[in-house]
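Peer 1: here are the coordinates; sequence isn't available:
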């Protein structure tokens with residue numbers, strides 16, 4: 001029935017700018033759809049088979065922060081966190097040990113557009 005996560009959609013005031021920033025950080029091509037009626041841009045990256053999309057913010061229907069925090073699976077939480085901090089993210093929470101005895105850790109950062117992004121790894 002459920003086959004895994006296909007897409008993560010982030011709501012942001014400037015989807016094109018947010019997608020371009022993430023495209024540089026993740027070294028990924030940015031794809032864009034432009035609404036012919038109003039010019040709104042939906043932009044996305046294809047990362048490991050998951051669509052990482054940026055949709056126009058709508059405080060009435062799709063508020064910033066109104067959706068779950070997407071967590072990137074990473075090999076090294078500290079290295080990935082530092083890369084995002086160096087690129088312009090700010091600390092939000094963690095790193096924290098998830099307490100399962102494996103050494104798995106999580107951290108959250110806020111991107112320059114106000115979106116919280118998680119890291120999950122070791």
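Peer 2: Alright, I've got the coordinates. The structure displayed is predicted, hence computed values, not measured ones.
Peer 1: Poorly predicted segments of the chain, please.
Peer 2: Across the chain, the ranges flagged by pLDDT under 70 are 1-2, 61-67.
Peer 1: Could you rerun that using 90?
Peer 2: Where the chain drops to pLDDT under 90, the residues are 1-7, 9-13, 35, 40, 55-71, 98-101, 114-115.
Peer 1: Helices of that one, start to end?
Peer 2: Secondary structure of the chain, counting by DSSP state H: helices at 15-26, 77-87.
Peer 1: Which secondary structure elements does the shortest one sit against?
Peer 2: Yep, that's helix 77-87 we're talking about. With contacts taken as 3 or more C-beta pairs under 8 Å, 6 or more residues apart in numbering; DSSP states H and E, helix 77-87 sits against helix 15-26, strand 90-97, strand 105-110, strand 116-121. Quick note: C-beta positions are derived from backbone N, CA and C, even for glycine.
Peer 1: just to revisit the earlier point, between the helices of the chain, which one is closest to residue 38.
Peer 2: Among the helices of the chain, the nearest to residue 38 by C-beta to C-beta is helix 15-26 (12.8 Å).
Peer 1: now the angle from the closest one to helix 77-87?
Peer 2: Using axes from the mean of the first three to the mean of the last three C-alpha atoms, to 10 degrees, the direction of helix 15-26 lies 130 degrees away from that of helix 77-87.
Peer 1: So what touches helix 15-26?
Peer 2: 10, 12, 28-30, 32, 40-45, 47, 52-56, 83-84, 87-88, 111-113, 115 (C-beta atoms under 8 Å, 6 or more residues apart in numbering).
Peer 1: at 7 Å what do you get?
Peer 2: For helix 15-26, contacts defined as C-beta atoms under 7 Å, 6 or more residues apart in numbering pick out 10, 12, 29-30, 32, 41-45, 47, 52, 54-56, 84, 87, 112-113.
Peer 1: Run a quick neighbour tally on residue 87.
Peer 2: Neighbour count of residue 87, defined by other C-beta atoms under 10 Å: 15.
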